[in-house]
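K.L.:
structure of the sequence below:
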Amino acid sequence: MLASQDMKRVGYRKQRKRAIRLSGWFALCVFFCFDVAVVWAQPQNEGHEPTGAIGWVPRELLDRPVPLRQGIGKVHEAVTTSSPEAQGFYDQGLAYLHSFVWIEAARSFHQALRLDPSLAMAFLGLSDAYIGLQDFQTARAAFDKAQSLTGNANERERARVAIRAKQLDYLQDSGNLQKYFAYRAAVTDALAASPNDPWLWILRGFAEEGTPLAHGQGGTVDTIAFYQTALVFSPENFAAHHYLAHTFENHGPAEKALEQSEEYVRLAPAIPHAHHMHGHNLRRLGRTEEAIREFLKAEELENAYYRTEGIPPQYDWHHAHNLQLLGMSYQALGQMKAAEAAFREAFLLPAHVDFQEFNRRAWPEFLLESGRPQEALAASQELEKSRWAMGRFAGHSLAGRALLALDRMEDARNELALAEQEMEQLPAQVIKSLQDTVMLRAEIMLREKNWDKGNVLMQQVEEQVVAVPGPDAWSEALFQLDSIARIARDIGDWDLAEYTAQKMIRHDPSYAGGHFARALVAEHGGDALIAQKEFTMGEKLWSKADPGLQKPRAQKQ
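P.N.:
Predicted coordinates:
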């Protein structure tokens, strides 16, 4: 048996590895901020209370009055206030927080503070909304105001303020594991005093993620029990269902994720993100037409909100994200015209953080996959002008691939070198998850007929892209595999083409492209039976593809 100190050391090493692993995973999430300490140290606005914008949203939008709304999920957390109306707006802010609707959460908390300026928990809620907007200086200012008002707060509320203090300390120094343990211990201590509080169980799930920024998206098998316990004390708690859906998306089974997203939609039908999540869980299970309906419902709700509230869609992080998943779903069905419209619209929206910029690569990737390398090159060159290394990295990587398609080998090599230079500016845990330059290097090798090394490298790329957790990465991996299969066929590397086609079908048996890819390999190898079977399956799966879409066909014997 290990001695006590040895056990502590083992536990520390385990938690350190876990925190590092989760930080690397979260680098692929929408809200990731690559160097939290640097961003915190560089004020985004002048003064203690910024006056121009908070994060990327004009302060005026966040301060606007807001009514009470229905359909956003019913939640309640009793807070110290003499105003029932303030309590109602606090609960609304809490509901919006747990659906990542940062603008409406901030508006609701401000409305609560108009009714009760001494409501400490509303300032605490504002600090969380500002973390979502990645304005850590303003989040700290809102927290300081909450802390100054705790004299009238009860013990439970003071415990919540103490938790946020430790969370912000860890956020400011996210490489410090002692601060992580202190943050997690603060939640555990609060639970010991209030074991029936569902919101504390949710916060305990957050604390287990290993990063203070994930907001429930970094869930593992270790967080499931915390969210399930929250449901024991609050059975209709949509937030717990939301975070369970994210957890099962990351670790499976996919059917469990779908069950949780169904509950999320049932409990919060007016929230676009609820429909979006349900959509990508349907897509994961091959129910693509149903997925498209959910993405379209999310878009319908968003557009109605923008019109009614007079809020430009560029300030809503979720809008471009939903369009990209909608585009990939259309693409999976061979509905390329609709896919193109969705990808193009998403690309035209401005990015406000580095990973949003990285995600804009979906448009030039689609152009490449559609056999339009010149247009892909132009879109990639726009990304090369990004103010973020992440965007420039994506731009140079994709420009290299477009140049290869245009038979400009030396120019492609130059783009590879530039992409690798940009990659040096990214954290090591992020680099491990990115295969863009590796894929470009492998393609260069293959086009030079260095198939032995190129095949090994490309197969490594395939293993890496399908291993990234989450539904977004799952969809992206499918089209990356499709690109590799096409490259392999173009250069006559039929071993790689066969390997990749099989991998595509295992990854998503409902995608016609995988079956067409296998059919072409079988046809080349003289296996007419397999070729015909796979062509037939591909035709069936693309029965609702665009009229006139060029599909692979078996050669007449």
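
K.L.:
ignoring the adjacent residues along the chain, who's closest to L231?
P.N.:
Leaving out its chain neighbours, the residue that sits closest to L231 by Cβ to Cβ, 6 or more residues apart in numbering is A240, at 4.8 Å. Quick note: C-beta positions are derived from backbone N, CA and C, even for glycine.

K.L.:
got phi/psi on the spatially closest residue to E309 that is not a sequence neighbour?
P.N.:
Distance criterion Cβ to Cβ, 6+ apart; nearest residue to E309, sequence neighbours excluded, is R64 at 7.8 Å. When quoted as degrees, to the nearest 10, the phi and psi of R64 stand at phi -60, psi 140.

K.L.:
also the one 4 residues further on?
P.N.:
Dihedral angles of L68 (phi, psi; degrees, to the nearest 10) stand at phi -80, psi 140.

K.L.:
quick check: it touching Q92?
P.N.:
Yes: here L68 lies in contact with Q92, judged by Cβ atoms under 8 Å, at a distance of 6.0 Å.

K.L.:
of those two, who's got more company?
P.N.:
Comparing L68 with Q92 by neighbour count (other Cβ atoms under 10 Å), the higher total belongs to Q92, at 25 against 12.

K.L.:
how near is that one to E534?
P.N.:
Applying Cβ to Cβ, to the nearest Å, the value for Q92 to E534 is 52 Å.

K.L.:
and A497, by the same measure?
P.N.:
13 Å.

K.L.:
check N154 too.
P.N.:
Plainly put, N154 is 66 Å away from E534 if you go by Cβ to Cβ.

K.L.:
ok, these two, which is more surrounded?
P.N.:
E534 (26 against 12).

K.L.:
L333: how many residues sit nearby?
P.N.:
Using other Cβ under 10 Å, the number of residues around L333 comes to 22.

K.L.:
could you check the pLDDT of it?
P.N.:
pLDDT, the model's per-residue confidence, is 97 for L333.

K.L.:
now do G210
P.N.:
For G210, the model assigns a pLDDT of 76.

K.L.:
part of a helix, is it?
P.N.:
No: under DSSP: H, G, I helix; E, B strand; the rest coil, G210 sits outside any helix and is assigned coil.

K.L.:
for F181, see how far away it is.
P.N.:
11 Å.

K.L.:
those two: who's more crowded?
P.N.:
G210 (25 against 17).

K.L.:
you'd agree the more buried one is up against Q217?
P.N.:
No: applying Cβ under 8 Å as the test, G210 and Q217 come out as separate, 12.0 Å apart.

K.L.:
L301: neighbour count?
P.N.:
A count of neighbours around L301, defined by other Cβ under 10 Å, yields 20.

K.L.:
kindly report the same for R506.
P.N.:
So R506, with other Cβ under 10 Å, has 11 neighbours.

K.L.:
how much space between it and G538?
P.N.:
For R506, the distance to G538 under the criterion Cβ to Cβ works out to 16 Å.

K.L.:
what's the answer for K256, then?
P.N.:
Look at K256 and G538: by Cβ to Cβ, they are 30 Å apart.

K.L.:
compare the two (neighbour count), which wins?
P.N.:
Neighbours around K256 and G538, counted as other Cβ under 10 Å, are more numerous at G538. The numbers are 25 against 17.

K.L.:
using the three-state scheme, assign that one.
P.N.:
Assigned state for G538: helix (three-state reduction, three-state DSSP).

K.L.:
what sits against it?
P.N.:
With contacts taken as Cβ atoms under 8 Å, 6 or more residues apart in numbering, G538 has the following neighbours: 512-513, 515-516, 519, 551-552.

K.L.:
likewise Q335?
P.N.:
The neighbours of Q335, taking Cβ under 8 Å, 6+ apart as the test, are 544-546.

K.L.:
any idea how far it is from P547?
P.N.:
In this view, Q335 and P547 are 10 Å apart by Cβ to Cβ.

K.L.:
ok, M439 next?
P.N.:
Separation of M439 from P547 (Cβ to Cβ): 33 Å.

K.L.:
element containing I487, please.
P.N.:
I487 belongs to helix 471-491 when elements are defined using DSSP states H and E.
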